[in-house]
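Peer 1: Provided below are the primary sequence and the corresponding predicted coordinates.
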2 protein chains.
Amino acid sequence: MSDKILQPWRVFSTRHALRDRWISVRADGCVTARGATLDPYYVLEYPDWVHVAAFDDEDRLVMVRQYRHGAGVITLELPGGVMDAHESDPLETGARELLEETGHVAAEMRHLAKLSPNPASHSNSAHILLATHARAIRAPEPDAGEDVVVELVPWRRALDMALAGEMIHSQHVAFLFIALAQRQNEKDRR
Amino acid sequence: MSDKILQPWRVFSTRHALRDRWISVRADGCVTARGATLDPYYVLEYPDWVHVAAFDDEDRLVMVRQYRHGAGVITLELPGGVMDAHESDPLETGARELLEETGHVAAEMRHLAKLSPNPASHSNSAHILLATHARAIRAPEPDAGEDVVVELVPWRRALDMALAGEMIHSQHVAFLFIALAQRQNEKDRR
């Protein structure tokens, strides 16, 4: 029974219900493995996103605080953003976003994992990068629409906030946990 | 400067660009704290979501595997879903979804944290519940559009998968970490 249920849906129609520079909502007509018709089933199409857990040499995370209009709240998040059309490597995007949003560069940066913002609704992936030896080389130069304040957060403080539900961007909480665990593993091996 | 930047945007217009039973996309015209005009800025309006980290008496997590059409993948996730219009308590939604999707009830269930799916784009919150003494009392009866296979996953296996990036729903990874840490804290105190 599992084999029968765990199958991609059949798509019998597809169109865009809303599409411009900032959003792309695809409306698929689907038949599920059990034979239910879902029409429209909406899929949010985005380019991939890249987020960076960047540690400086004092083991502080380079984070950004900003107003987020979707939820209407001020949040503390990892730096990151959208892969530009000409970028094929998440590491390139990560280095660019880290510099733009925080003014930092990192001596080492590598790809840890590729997750999904929400596989039910989103077509894209979210890449998590681990960066070390981060240091500030200039003032941040965020995009016009990004009002960002940089904060250097001791890693244990970041962990405590995430576990207490004080860091509300759930995707970033996941990236942070994965990066902290990986960093701890590497320290333990040294 | 931080005080000036970390301010809600001024909204000078608002309309819905797409709205039906399944989706609601609001288009706001905004001016940021630094004076940039963002028009349209899209906000995805959803009811709150509720997710349950339910442990049975063998310390296994009650999880669900299913096809997710947004990303076109089979995923392993926590049970959960949308708060119905008549539901005012996330615990009510959590118990209903746990029963519908997995056929389980839990002797104890409580609210751990309220996060956001993505505060940049989403208006709603995502609640994480911790449930214990979960046990199966009937077969799952998921909605027509949900083709769900229940899996009982030892908690350490779930943790390893999440840390390795094998559990790709980033929001659920965050909920899982928060719930596992809380559960471990409670065990340590006993």
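Peer 2: Looks like it arrived, so ask away.

Peer 1: poorly predicted segments of chain A, please.
Peer 2: Within chain A, the stretches with pLDDT under 70 are A:1-3.

Peer 1: do a quick rundown of the helices in chain A.
Peer 2: Ranges of helices within chain A are A:2-5, A:90-102, A:155-163, A:170-189, based on DSSP state H.

Peer 1: and the second one, does that touch chain B?
Peer 2: No - no part of helix A:90-102 sits close enough to chain B to count as contact by Cβ under 8 Å from any Cβ of the partner chain; the gap is at least 12.6 Å. Quick note: C-beta positions are derived from backbone N, CA and C, even for glycine.

Peer 1: chain center to that helix, what's the gap?
Peer 2: For helix A:90-102, the gap between its own C-alpha mean and the chain's C-alpha mean amounts to 12 Å (Cα atoms, centre = their mean, to the nearest Å).

Peer 1: residue contacts, A:Gln7?
Peer 2: A:33, B:67, B:147 (Cβ atoms under 8 Å, 6 or more residues apart in numbering or on different chains).

Peer 1: the last one contacts A:Ala33, correct?
Peer 2: Right, B:Asp147. Yes - here B:Asp147 lies in contact with A:Ala33, judged by Cβ atoms under 8 Å, at a distance of 4.9 Å.

Peer 1: more neighbours: those two, which one.
Peer 2: Using other Cβ atoms under 10 Å in any protein chain shown as the criterion, B:Asp147 and A:Ala33 rank with B:Asp147 on top: 22 against 16.

Peer 1: relative to B:Leu78, how far out is the residue lying closest to that one once chain neighbours are set aside?
Peer 2: Using Cβ to Cβ, 6 or more residues apart in numbering or on different chains and skipping the chain neighbours, the partner closest in space to B:Asp147 is A:Ile5 (4.3 Å). Distance of A:Ile5 to B:Leu78, computed by Cβ to Cβ, to the nearest Å: 18 Å.

Peer 1: is stretch A:178-190 positioned near chain B?
Peer 2: Yes - using Cβ under 8 Å from any Cβ, we find that stretch A:178-190 touches chain B at A:178, A:181-182.

Peer 1: which of the residues in that stretch are classified as buried?
Peer 2: A:178-183 (16 or more other Cβ atoms under 10 Å in any protein chain shown).

Peer 1: give me the contacts around it.
Peer 2: Against stretch A:178-190 from outside (Cβ under 8 Å, 6+ apart): A:53, A:55, A:112-113, A:128, A:130, A:132, A:155, A:158-159, B:162-163, B:165, B:173.
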